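Asker: this one's sequence-less:
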């Protein structure tokens, strides 16, 4: 069960914004022609089926969006089996806004998005596609479309009743299935043949591989026996090799120790010779120590003189630094004096220029007064010119009145004039105009210099302002000049005083330089004495040593090492005899080891080839098995497809016979509903019933038994038949109808038929979940469950809709 509970419209045609509650039963939308009733129904159709419905109705998006707005929005609240969903579509004049087009569940989850997906969701959940919806929505003036059956549209009802789908099933689906099955059968036959050939090739390769396995197994057995013999021989050779390697390592150890002991003997011999030389040198060092002691005693007076000179240099250095500071001050003061002289010259030049400017002020003021007087005269002339222009316009108006009027009147007092008076007044006015134009010409020639004089005045006033500014600066500059000259005098005095101090201090610089030179000389002498002091300490340290005792110890150690060297040389001579066999053993080990490696490599290669061949045999056996199973499956599939081809042939024949029976069953249901409903709505007893033939022609049967096509009825009767036929078709196809939209269904009906239709629609609420009817008359207002009014609210044609 599905029903529409709310429709919201924003910026669609004349409706700026509307929110309307809908209820089960009859919803009546009432309003004058052009108010926007159809817009509400179209908005429901757009919300449900989007661009699919618009394309079928040939409606453009640019025709939907309200003038002055950029985006239109329609929104439906639908109740489907107790769950509510919001369906929204938004669009501009050019396209649908996909991101704002969706179906949202009551818990805020979007269950469908974008135009096509939303339409698919609506179709699946309402059980109504867009073709069937066009039957449920009868737009104004299109109610009778369902009655139009001609040769071009003879299958229109077949499409609605879904009978055409059987034709598609027969001509497209089943034939397509048959073609696919035949193609698959041929492909299977070719594949089975190819699989059989492939299995034969694999079995041949298997036979060859099994023979090769036997050859490899025999070769591997022979290689294993030969490898065992060679490995035993190699083990014996390696044992002997390891023993001889131990002998070589002992020989090398003895040689290393001999080399170390010989190096130690060489070192001891060198130290013995060195100690013998030190014993001789000790006497020389004693004489040198006595000589240095004599020189150090004579140096004590030198240190006292260095201390005295350092104090003198420090004292004189401070005075010299003071002298250097004052010399720097002299340079800075001379720089400042030069800068002050430059500033004074610049100020004097600037003051001279300003005084010259001040002398020009009186001339400027006199010229400004002359120009101002001249401008006043010209302003008076401009005012006079304006007055003359107004007078000239007034005379032109009077002349126009006098010349254009059939019955001349005075342009001032409006009294009637005779022709002579009119001619006289015209002549006087022409003369006045001539005099005024002459005066205007004279004024214009005098006013030509006005703009130039105005510019001259502005230029002169600007120059005068500059002169005044210059006059104001003169006192300031004169004060500044006096200040700079005073500063220059002070600076000269300070400079002379400092130069006198520098002259006195300059005498100390020579004394400082002499003392400093003497001090450096004495310090160099002290540095030489310090070197002698260090040499004396070093000699004293050497004299404390006892080289004779060290020499005796070294000689004893040398005798012990010489005895150990003789012992090791005897052992090395004995071992060298055995080492001659080691090279022969190593060559034999290398040769036998290469043979073992070659045998192992051949054995591994053979085993690898055998393993690979066995694995390949397994793969080929599996492949042969797989191909056999594939042949079996494809053979089974081929038998199945051949059976299906027979079934398709039978089904094609059965469908051809079933279509008329299905068409008759549907037409019987439609005609039964037509009879029941038509009896309720008719008020002419001469029309007994209506029915639809197997050719989908709508016929009317009169009470006298005569049958007429529906085209013979009046416009109102056709509307009535069309309304009943739409309902009967919908009832036969759907059973329970979720929604039905009728736009002006009582058009061309008299009051009695409108009353009957109103009552009949009231009873339809049992099978139609949401029924919406529009009308510009209030025939449905008393029978409707929910009344909605649509009204135009402003001259722009904008309308509002609301629940009454």
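Answerer: Done, it's in. Since we're looking at a predicted model, the values are computed, not measured. Residues are numbered from 1 along each chain as shown.
Asker: the chain: helices as residue ranges?
Answerer: Along the chain, the segments classed as helices by DSSP state H run 37-57, 115-126, 130-136, 156-160, 164-168, 175-297, 300-359, 361-404, 419-446, 450-543, 547-579, 582-681, 715-734, 751-763.
Asker: could you check the angle helix 715-734 makes with the last one?
Answerer: Going back to what we said before, that points to helix 751-763. 10 degrees (axes from the mean of the first three to the mean of the last three CA atoms, to 10 degrees).
Asker: the first one too?
Answerer: Per the same axes, to 10 degrees, the angle that helix 37-57 makes with helix 715-734 is 60 degrees.
Asker: and helix 37-57, what's its mean pLDDT?
Answerer: Averaging pLDDT along helix 37-57 yields 93.
Asker: what's the neighbour count on the residue nearest to residue 364 when sequence neighbours are not counted?
Answerer: Sequence neighbours aside, residue 464 is the residue nearest to residue 364 in space, at 4.8 Å (criterion: CB to CB, 6 or more residues apart in numbering). To be clear about C-beta, it is placed using only N, CA and C from the backbone, and glycine gets the same treatment. Neighbouring residues of residue 464 were enumerated by other CB atoms under 10 Å; the total is 16.
Asker: please tell me I have it right and residue 464 contacts residue 366.
Answerer: No - counting by CB atoms under 8 Å, no contact exists between residue 464 and residue 366, whose distance comes to 10.8 Å.
Asker: for the residue nearest to residue 364, give me the pLDDT.
Answerer: pLDDT for residue 464: 70.
Asker: return the distance of it relative to residue 65.
Answerer: Here the distance between residue 464 and residue 65 works out to 69 Å (CB to CB, to the nearest Å).
Asker: again, but for residue 307
Answerer: Residue 307 sits 111 Å away from residue 65, taking CB to CB as the criterion.
Asker: just residue 223 next, same as before
Answerer: 93 Å.
Asker: could you dump the helices of the chain to a markdown table with distance to residue 30?
Answerer: As requested, the helices of the chain are exported to a markdown table (distance: least, CB to CB, whole Å):
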| stretch | distance to residue 30 |
| --- | --- |
| helix 37-57 | 8 |
| helix 115-126 | 27 |
| helix 130-136 | 21 |
| helix 156-160 | 31 |
| helix 164-168 | 39 |
| helix 175-297 | 53 |
| helix 300-359 | 93 |
| helix 361-404 | 61 |
| helix 419-446 | 71 |
| helix 450-543 | 75 |
| helix 547-579 | 130 |
| helix 582-681 | 22 |
| helix 715-734 | 19 |
| helix 751-763 | 12 |
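Asker: quick one: contacts for the residue lying closest to residue 698 once chain neighbours are set aside?
Answerer: When the adjacent residues along the chain are set aside, residue 698 lies closest to residue 710, with 4.3 Å between them (CB to CB, 6+ apart). By CB atoms under 8 Å, 6 or more residues apart in numbering, the contact set of residue 710 is 147, 690, 698-700, 718, 721.
Asker: if I look at residue 710, how far off is residue 120?
Answerer: For residue 710, the distance to residue 120 under the criterion CB to CB works out to 36 Å.
Asker: just to revisit the earlier point, and of the helices of the chain, who's closest to residue 2?
Answerer: If you check each of the helices of the chain against residue 2 by CB to CB, helix 115-126 wins as the nearest, at 5.5 Å.
Asker: for the closest one, packing partners?
Answerer: Here helix 115-126 is seen to pack against helix 37-57, strand 83-91, strand 102-105, strand 110-113 when contacts are counted using 3 or more CB pairs under 8 Å, 6 or more residues apart in numbering; DSSP states H and E.
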